[in-house]
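Engineer: just coords:
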């Protein structure tokens, strides 16, 4: 940072999203805003069709394909509107008769609601009966479904789908909150979407990874902007894309690569989660709201057994510079979101507060 | 700028959009990325529901309402997806039976195409017969139309609607490329939308000004994210908004206000346009592609009478640091986009090149 004084108070950023970015990414954003690619212009004021920004889009796609080992059977596009817009774009483009959904939380529920406008929706499994504190394991995927929709990580409830089902129909996944934090076999999926604002970059851009073979021949008459093929054909340049969010994501993906790629991010995530969950599991005053293997490595939801102590604990975390730790209102308690850029030192600071809490 | 050396070569930025922003706005963006609202965090990594960013959204709305003298009969919302997404959102929400459109260029044509999916579309006037080089003046607005849609300024063809019709039905306007550059009577309109990336801020956010009385009772079953009422009810926070583009727009609106508001922007626009058009009108080698009062004060389209000299002229502009002057492929020749932040000194540099061209 150019002004070290103003950043002298260290903040441990556990925000659920938008969320922490690496200092290197933030400095690169400052550089791009000051002088983008030696144009003597800010990245905020250049044409999206200029060769310098077209290169950023091309390199961002290439980085995502390389980091996630995506074959040429897939296209990668960048859209505005957030993952919530995908909740309707997926069925608009792909639901012909019937789709299967697994309901693991708020975002799945929202996706299901939108899909119902476009056809029959079979919710083949749900953990709503226990306030979404587990991942359903037993379900039958109908062979005649147009697709199965799953959510890999549930930010609000702190669960994560450790393994993806073997799926007889195209599988679609909302990976907004754990993409790039774990190795995945993209070839198992026909479409993956993710809002950038957890592990990929700042808010304002959504990444869609789409198998070319599922494009074409949609049932519905789809507005141009909501058609995946529009953005695939125009390489995310049908209209003015969210230029700066893409640029910041590009810089952040370079940081991920420099750190050792997705394998390194997976190790970091495991180390952070182990450190925090071990302390909570061994501490008589605290407990996690999710048990066992379904616990998310991204969002650890936990509570005090005596909830009367909540405010005092929150104050203790604030005193050491911890930010964004309050649980979502649907769950209560606390939530530590530990995305790619969070250093384990920040988790240690939280663990020390938990350990020392009387 | 922190690094003055890297910005030592002055660029005269005539880009059609995304386009020039004031140095003050760019510096404020650097400050927000370094330390946002004294949080010791970057604006790229804070929660959109934190009190600091909620304040930015509230103040941005208030600034737009104040700068454009918008009454409390209207709501102001911020959306992703660009103005192109509005081409379908407008008819999705508001077209019940029939809508009237005036076709003044590429963006109007795109809006018409999307509207046809949702009902009957009457194109009551068009300048397509002369490659959109004028604004149609004679037309009849059907009393039974659900709305009339107009485009206030046509970036590609360089025309601008100087006066808006008296309209017996709700009037909707795409003001993407001249909002905040001229005084307008918002009460004449029921809905105004504008991509930010010309006069308001960087790419990635679209402003919609909507009369409360036209919300409610839509004919179509609209996906949640495409419903205006969703975003009005949730005050642009239904899902994660494009945080940084909104922040940058906020900083830019403060700059507009400090410069004297829309009245000052209108004077600046008139001074720039007069300077450039006067030179072209009096120069025997050049001519404008649009004649008379329909000429845009934002985008001046002009050409060399002898097109064989095009490359040599382009080189002469590049030599003095002029950027983004090449005309759109639909028109050819040259286009000088002169948005709010462009200093008249940059126009003088262009005028000098034109004057000295042999």
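Structural biologist: Received the coordinates, thanks. Everything numeric in this text was worked out from a predicted model, so none of it was measured.
Engineer: tell me, how many neighbours does residue A:293 end up with?
Structural biologist: Counted with other C-beta atoms under 10 Å in any protein chain shown, the neighbours of residue A:293 add up to 12. The C-beta positions use only the backbone N, C-alpha and C, and glycine is treated the same way.
Engineer: OK, contacts around it?
Structural biologist: residue A:162 (C-beta atoms under 8 Å, 6 or more residues apart in numbering or on different chains).
Engineer: From chain B, how far off is it?
Structural biologist: 29 Å (C-beta to the nearest C-beta, to the nearest Å).
Engineer: doesn't that residue fall inside a strand?
Structural biologist: No - for residue A:293, which was evaluated using DSSP: H, G, I helix; E, B strand; the rest coil, the result is helix, with no strand membership.
Engineer: residue ranges for the helices of the stretch 1-150 of chain A, please.
Structural biologist: Assigned helices in the stretch 1-150 of chain A, in chain order: A:23-34, A:51-67, A:82-94, A:106-115 (criterion: DSSP state H, counting those that start in this stretch).
Engineer: And the average pLDDT for the last one is what?
Structural biologist: The predicted model assigns helix A:106-115 a mean pLDDT of 98.
Engineer: between that helix and helix A:82-94, how big is the angle?
Structural biologist: Angle, helix A:106-115 to helix A:82-94, by axes from the mean of the first three to the mean of the last three C-alpha atoms, to 10 degrees: 40 degrees.
Engineer: So which elements touch helix A:106-115?
Structural biologist: helix A:82-94, strand A:98-103, strand A:120-126, strand A:148-151, strand A:153-154, strand A:171-174 (3 or more C-beta pairs under 8 Å, 6 or more residues apart in numbering or on different chains; DSSP states H and E).
Engineer: still on that earlier bit, for residue A:259, which of the helices of the stretch 1-150 of chain A is the nearest?
Structural biologist: Of all the helices of the stretch 1-150 of chain A, helix A:23-34 sits nearest to residue A:259, with 9.2 Å by C-beta to C-beta.
Engineer: And the pLDDT for the closest residue to residue A:140 other than its chain neighbours?
Structural biologist: Closest residue in space to residue A:140, ignoring its immediate chain neighbours: residue A:124 at 6.5 Å, by C-beta to C-beta, 6 or more residues apart in numbering or on different chains. Listed pLDDT for residue A:124 reads 98.
Engineer: How about residue A:291?
Structural biologist: pLDDT recorded at residue A:291 is 89.
Engineer: residue contacts, it?
Structural biologist: Counting by C-beta under 8 Å, 6+ apart, residue A:291 has contacts A:133-134.
Engineer: For it, what are phi and psi?
Structural biologist: phi -110, psi 150 (degrees, to the nearest 10).
Engineer: Wait, residue A:332 touches residue A:304, no?
Structural biologist: No - Residue A:332 is not in contact with residue A:304 according to C-beta atoms under 8 Å; the separation is 10.1 Å.
Engineer: Any buried residues in stretch A:48-57, and which?
Structural biologist: Residues of stretch A:48-57 classed as buried: A:48, A:50, A:53, A:56-57 (neighbour count, 16 or more other C-beta atoms under 10 Å in any protein chain shown).
Engineer: ah, wrong one, I meant stretch A:224-236
Structural biologist: A:224-232, A:235-236.
Engineer: Taking those together, which two end up most distant?
Structural biologist: A:226 and A:235 (17.4 Å).
Engineer: got the contact list for the closest residue in space to residue A:258 that isn't next to it in sequence?
Structural biologist: Computed as C-beta to C-beta, 6+ apart, the closest residue to residue A:258 that is not its neighbour in sequence is residue A:24, at 7.8 Å. Residue A:24 makes contacts with A:251, A:255, A:258, as judged by C-beta under 8 Å, 6+ apart.
Engineer: Low-confidence regions, chain A specifically.
Structural biologist: Across chain A, residues meeting the criterion (pLDDT under 70) sit at A:1-8.
Engineer: In terms of residue numbering, what are the domains of it?
Structural biologist: A:26-258, A:261-356 (automatic domain parsing).
Engineer: Out of these, which is the most enclosed?
Structural biologist: domain A:26-258 (a mean of 21; mean count of other C-beta atoms under 10 Å in any protein chain shown).
Engineer: now what about stretch A:322-329, what contacts it?
Structural biologist: Residues contacting stretch A:322-329 (C-beta under 8 Å, 6+ apart): A:11-16, A:19, A:155-156, A:301, A:303, A:314, A:317, A:333-337, A:346, A:349-350, A:353, B:39, B:41, B:47.
Engineer: Mark which of these are part of strands, please.
Structural biologist: A:12-13, A:301, A:303, A:334-337 (DSSP state E).
Engineer: Which pair in these has the greatest spatial separation?
Structural biologist: Across the ones in strands among the contacts of stretch A:322-329 (C-beta to C-beta), the longest gap, 21.1 Å, separates A:13 and A:303.
Engineer: Which stretches in the stretch 201-350 of chain A count as strands?
Structural biologist: For the stretch 201-350 of chain A, the strands defined by DSSP state E, counting those that start in this stretch occupy A:206-211, A:286-288, A:299-304, A:322-323, A:334-337.
Engineer: Just give me how far the last one sits from the chain centre.
Structural biologist: What that stands for is strand A:334-337. Strand A:334-337 sits 15 Å away from the centroid of its parent chain (C-alpha atoms, centre = their mean, to the nearest Å).
Engineer: What lies in contact with it?
Structural biologist: A:14-17, A:19, A:155, A:158, A:198, A:276, A:298-303, A:313-314, A:324-328, A:347, A:350.
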